[in-house]
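> Kindly return the folded structure for what I paste below:
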Amino acid sequence: MKASRKYGIIAAAICIVIQLVLAASCYGSSEPALKPLTDWRFTWEGGGTGSRSTDGIGPASGWEPYRMKQPLQLSTGEEKAGWFETKLPALIWNTPAILLKPVYGIKIDIYVGQEKRYEIDRDYQYDVHHILLPLSREDAGQTLLMKIQGGTGRIGMDGPVWAGDYQTLLTKLIKANLGDIVLGSSFIFIALIMLISALLLNRSERNSWLSLTVVILSIGLMILTYSPFVYSLFRSYGELFQVVFDLGLLSLLPAITYYFERTIGPGYMLIIRMCRKFLVGYSLFCLGFMVINLLSGSRFSDIYYFFSVKVLGCIMIVLLMILAASAISYAAKGNRDAAVFASGFALFAIPALGELVWFYVRQGDYVLFWWKWGVLGFVISLIMILGRKFAHNHRQIVVYSRELEMFNSELQRSEKMEVISELAASVAHEVRNPLQVTRGFLQLLQEKSRDREKEYLRLALEELDRASGIITDFLTFAKPEAEKVALLNVGHEFRHIEGI
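Below you'll find the model as predicted:
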């Protein structure tokens, strides 16, 4: 009966799940699917002759097919503009829209027919855009023109452009960036909690704790401000996000080397310590350069980009290799913390090194992605190392507490024995003197007594000697001497007995 009831519940649950799946599929099928826009054409600004006779927007000739997966390369700092064109399909959705992500450029203007629908002009060096453009059904069949002006060495699109329902595309856009927002915000929240907790730690533990806090906070700020979603959502704070990202990057490298030095070791021939000092100096140099660039209205953006991106990226690659080699070296010597660090570091270094190398191979035409998830495992390993260190310190405190308790008991015992010895010395002195006087008189009487009386006097003297021996033993107990350990040759003793 119980078995049939159990199987009935399971069957009912399966039926409910099947109905939910069918309902979801029916709901999804009621809404038309997303449609990719793949037929794009491109021309450079000024590359065509004249302008369009119909709407007067964009060049009239010089158009050529455009490959969506390959952004166009420019010289760094070149502000050349390009035009991109496509025909809008039939917009059969209730609230149609198109989603373009990612789009590379500093200044972007989007036209539908003769009407400008979207415009953005950034005055900072971040060129990744996620654009969700609302449309209407009347826009079907019209020409969509997009003018993109570069400034960071690339313009264009690096992914499919989707047409569909606005809410569906908005959900797709949010899902694509939700991981960055959640991961970055979580790291920042953890770092703030750790910063507050640092007030409760002693000085010896606070340095390692604060260095790990800076590492986690820097990573969280970098993940959050590297996402294009925050730049699209808060347009007026884009330059601030760039400054926050640079501050996170410049503080991450010195903090992680200091943490490694404090928790694992300074490395072979103090190489980790030397790297830390160099990184502190270089970070201060880049920080000063950043302040000068901001105060001058970004006049030195190209030079600052060279030092803060290209040179710092190469330094980061070398530092990752040094940290990995040092961690493996310490792990080979039996350091478990180094083994944990090496394991977590591998989760971070392998995708980070690969993406950095690919970033330079493609001359900056790559959006770093996998490092954000590798760094999650790395941060977990750092927290594990610090937790192991705190647990080890706690075990040492417990051992020291037990030793201190034993020492206190021995100290109390020695104090008691000292009191007993002083009392015993005074008592023995006061008792032994009358005994010796009595023994002397008994010896005098023994010389003048008869034989029968001498026997009684002899017994009295023996009892006095026995009392004197007891007092001597009491003094020995009251004043214990240090233990003397001597080796006993049992074979020699046996040979001695055999000789006897």
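> Surely T263 touches G387?
No: between T263 and G387 no contact is recorded; they are 11.0 Å apart, counting by Cβ atoms under 8 Å. No exception for glycine: its C-beta is placed from N, CA and C like everyone else's.
> neighbour-wise, which of those two wins?
T263 (20 against 11; other Cβ atoms under 10 Å).
> For that one, list the residues it contacts.
S208, D337, F341, I385, L386, K389 (Cβ atoms under 8 Å, 6 or more residues apart in numbering).
> Skipping adjacent residues, who's closest to the third one in space?
Yep, that's F341 we're talking about. Nearest-residue entry for F341: A327, 4.8 Å, with adjacent residues in sequence omitted and distances by Cβ to Cβ, 6 or more residues apart in numbering.
> same thing with the fourth one?
On the basis of Cβ to Cβ, 6+ apart, the spatially nearest residue to I385 that is not a chain neighbour turns out to be D337, at 4.9 Å.
> The one you found: neighbour count?
By other Cβ under 10 Å, 21 other residues sit near D337.
> And R395, by the same measure?
Neighbours of R395 under the rule other Cβ under 10 Å: 10.
> quick one: it from S401, how far?
Distance from R395 to S401, counting by Cβ to Cβ, to the nearest Å: 11 Å.
> what domains does the record give for the protein?
Listed by automatic domain parsing, the domain ranges of the chain are 35-170, 179-401, 404-482.
> For those domains, which has the smallest mean pLDDT value?
Among the domains of the chain, domain 404-482 carries the lowest mean pLDDT, at a mean of 76.
> Show me what stretch 161-173 is in contact with.
31-38, 40, 68, 86, 88-89, 91, 93-101, 130, 132, 134, 229.
> Can you list the buried residues in that stretch?
V161, W162, A163, G164, D165, Y166, T168, L169, L173 (16 or more other Cβ atoms under 10 Å).
> residues touching the residue positioned nearest the centre of the chain, list them.
The centre of the chain sits closest to V379, judged by Cα atoms, centre = their mean, with a distance of 2.5 Å. Going by Cβ under 8 Å, 6+ apart, V379 touches F187, V215, I216, I219, G344.
> out of the residues you listed, who's nearest L295?
I219 (28.2 Å; Cβ to Cβ).
> The closest one: neighbour count?
27.
> Helix, strand, or coil at it?
Using DSSP: H, G, I helix; E, B strand; the rest coil, the structure places I219 in helix.
> Go ahead and confirm it touches G248.
Yes: when contacts are counted by Cβ under 8 Å, I219 is listed as touching G248 (7.3 Å).
> hang on, the earlier thing: filter the contacts of stretch 161-173 to the buried ones?
Counted by 16+ other Cβ under 10 Å, the contacts of stretch 161-173 give 32, 34-35, 37, 40, 68, 86, 88, 91, 93, 95-101, 130, 132, 229 as buried.
> thinking again about what came up before, test my guess that the residue nearest to I385 contacts R388.
Yes: applying Cβ under 8 Å as the test, D337 and R388 come out as touching, 6.0 Å apart.
> how close does the residue located most distally from the centre of the chain sit to V182?
Residue farthest from the centre of the chain, counting by Cα atoms, centre = their mean, is R450 at 102.0 Å. Applying Cβ to Cβ, one obtains 114 Å for the distance of R450 from V182.
> end-to-end on stretch 259-274?
Criterion Cα to Cα, to the nearest Å; first-to-last residue distance in stretch 259-274 is 14 Å.
> Quick check: buried residues in that stretch?
Buried, per 16+ other Cβ under 10 Å, within stretch 259-274: Y259, F260, E261, R262, T263, I264, G265, P266, G267, I272, R273.
> Then stretch 284-301?
C286, F289, M290, N293, L294, F300, S301.
> Render the CA-only coordinates of that stretch in CSV, please.
C-alpha atoms of stretch 284-301 as CSV (Å, rounded to 0.1, in the frame of the first residue of the first chain):
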residue,chain,number,x,y,z
LEU,A,284,52.2,54.7,-8.5
PHE,A,285,53.8,55.8,-11.8
CYS,A,286,50.6,54.8,-13.7
LEU,A,287,48.4,56.4,-11.1
GLY,A,288,50.3,59.7,-11.4
PHE,A,289,50.1,59.5,-15.2
MET,A,290,46.3,58.8,-15.0
VAL,A,291,45.8,61.9,-12.8
ILE,A,292,47.8,64.0,-15.3
ASN,A,293,45.8,62.6,-18.2
LEU,A,294,42.5,63.4,-16.5
LEU,A,295,43.5,66.9,-15.5
SER,A,296,44.7,67.6,-19.1
GLY,A,297,41.4,66.5,-20.7
SER,A,298,42.7,63.1,-21.9
ARG,A,299,45.4,64.7,-24.1
PHE,A,300,47.8,61.9,-23.2
SER,A,301,45.3,59.0,-23.7
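> Now tell me what touches that stretch from outside.
With Cβ under 8 Å, 6+ apart, stretch 284-301 has contacts from 77, 123-125, 243, 246-247, 250, 303-304, 307-308, 312.
> where's S414, which helix or strand?
Element membership for S414, per DSSP states H and E: helix 371-448.
> hmm, back to that, relative to G281, which of the buried residues of stretch 259-274 is nearest.
Checking the buried residues of stretch 259-274 one by one against G281 (Cβ to Cβ), the nearest turns out to be R273, at 13.1 Å.
> Quick one: residues contacting the closest one.
By Cβ under 8 Å, 6+ apart, R273 lies in contact with E261, P266, G267.
> As CSV, the residues you listed with secondary structure and distance to R154 would be great.
Output for those, formatted as CSV (DSSP: H, G, I helix; E, B strand; the rest coil; distance: Cβ to Cβ, whole Å):
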residue, secondary structure, distance to R154
E261, helix, 39
P266, coil, 42
G267, coil, 38
